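> Sequence and predicted structure, then a few things I'm wondering about:
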Amino acid sequence: MPYLKPENRKSLDEIVQLMMDLNVSFNGDINYILCKLVRRTVKPSYANFKNVAGELECCKLELYRKLVAPYEEIKEAENGTF
């Protein structure tokens, strides 16, 4: 999880709320937004692209750790293991 100070989250939370108000979906919308953001803001270099890829990978891992794994634990308790 990106542990940002609360005062640094406010404007980012407003962006998230706007995205929710616009019904941004996970059927390509997020991919489009992130790709457009990277294209417009990241100066082309291997190091910069590596950093962006690292951010995305860490996001994926954090989602799995905080959301998917606990969900799987609940379902395993309900249904048993294979």
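Perfect, thanks for sending it.
> rest of the way, CA atoms for contacts and neighbours
Noted.
> which residue ranges form the helices in the chain?
6-21, 29-41, 46-63, 69-79 (DSSP state H).
> Could you export these as TSV, including mean pLDDT and mean neighbour count?
Listed next are those as TSV, based on pLDDT from 0 to 100; neighbours: other Cα atoms under 10 Å:
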stretch	mean pLDDT	mean neighbour count
helix 6-21	94	11
helix 29-41	97	12
helix 46-63	97	13
helix 69-79	97	11
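> residue closest to the middle of this protein?
Cys59 (4.7 Å; Cα atoms, centre = their mean).
> got a pLDDT number for Met1?
At Met1, the pLDDT value in this model is 59.
> no wait, Tyr64
Here the pLDDT value assigned to Tyr64 is 97.
> likewise Leu4?
Reported pLDDT for Leu4: 89.
> Count the residues that sit near it.
Neighbourhood size, Leu4 [other Cα atoms under 10 Å]: 8.
> Can we start the residue count at 14 from this point?
Yes, from this point I'll number from 14; that puts the last item at Leu17.
> and it, what are its phi and psi?
Here is the backbone geometry of Leu17 (degrees, to the nearest 10): phi -90, psi 150.
> Next one: it from Ser24, what distance?
As judged by Cα to Cα, to the nearest Å, Leu17 and Ser24 stand 12 Å apart.
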